[in-house]
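K.L.:
For reference, the sequence and a predicted model appear below.
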Amino acid sequence: MARHASRSADGVGAVLASRWPFSNIREVDLHVTERVDDLPWAAAVTAEPACGSSPGGSRWTSSPLRDAWEAAHPGEPGHTFTPSNPLVRDGEWSQELGRRIDYVLVRCGIRGPSLQIVHCHRIFDQAVDGVWASDHFGVFADLQVPA
């Protein structure tokens, strides 16, 4: 698990999770305009799963990336921040129409993705006992080392 370094006063933050340990963990600061200056969690956490040999070496920032959702569901929006979640609809974002803000990106080499995208679906998109996990849904991808 790679935790985002910052949290808001009420504990809001981010985490990147995998069943494999990570290597090359990086956090990219997204405080690029005044609009996000008061958002302590405005950053992106990137990491490579350490699951054996990695085809193509370590080119996380310089290689093209494949969007796992788009590969598994071509043309489907896969909104993760949507008014179908009452935390969005009834919160500060009541005018939100829906968009995808959560991604699983797979590094590509000359011959395509370095990992096969077996499945990809949204998670935390239903309440459990009336409780929603977050104001946005997660994206889960089942990835496999190609034969």
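P.N.:
Arrived safely, thanks for sending.
K.L.:
Going by C-alpha atoms from here, please, whenever you check contacts or count neighbours.
P.N.:
Noted.
K.L.:
Any regions of the chain where pLDDT drops low?
P.N.:
Applying pLDDT under 70 to the chain picks out residues 51-63.
K.L.:
tell me the strands in it, going along the chain?
P.N.:
2-3, 15-16, 22-29, 43-49, 65-67, 105-109, 112-113, 116-123, 138-144 (DSSP state E).
K.L.:
Just name the most buried of these.
P.N.:
Most buried of the strands of the chain, by mean neighbour count (mean count of other C-alpha atoms under 10 Å): strand 105-109, with a mean of 19.
K.L.:
Can I get it in PDB? Just the C-alpha atoms.
P.N.:
The C-alpha trace of strand 105-109 is given here as PDB (Å, rounded to 0.1, in the frame of the first residue of the first chain):
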ATOM      1  CA  LEU A 105      -3.100   2.800 -15.700                       C
ATOM      2  CA  VAL A 106      -0.900   0.000 -17.100                       C
ATOM      3  CA  ARG A 107       2.500   0.700 -18.500                       C
ATOM      4  CA  CYS A 108       3.000  -0.100 -22.200                       C
ATOM      5  CA  GLY A 109       6.100  -1.000 -24.200                       C
END
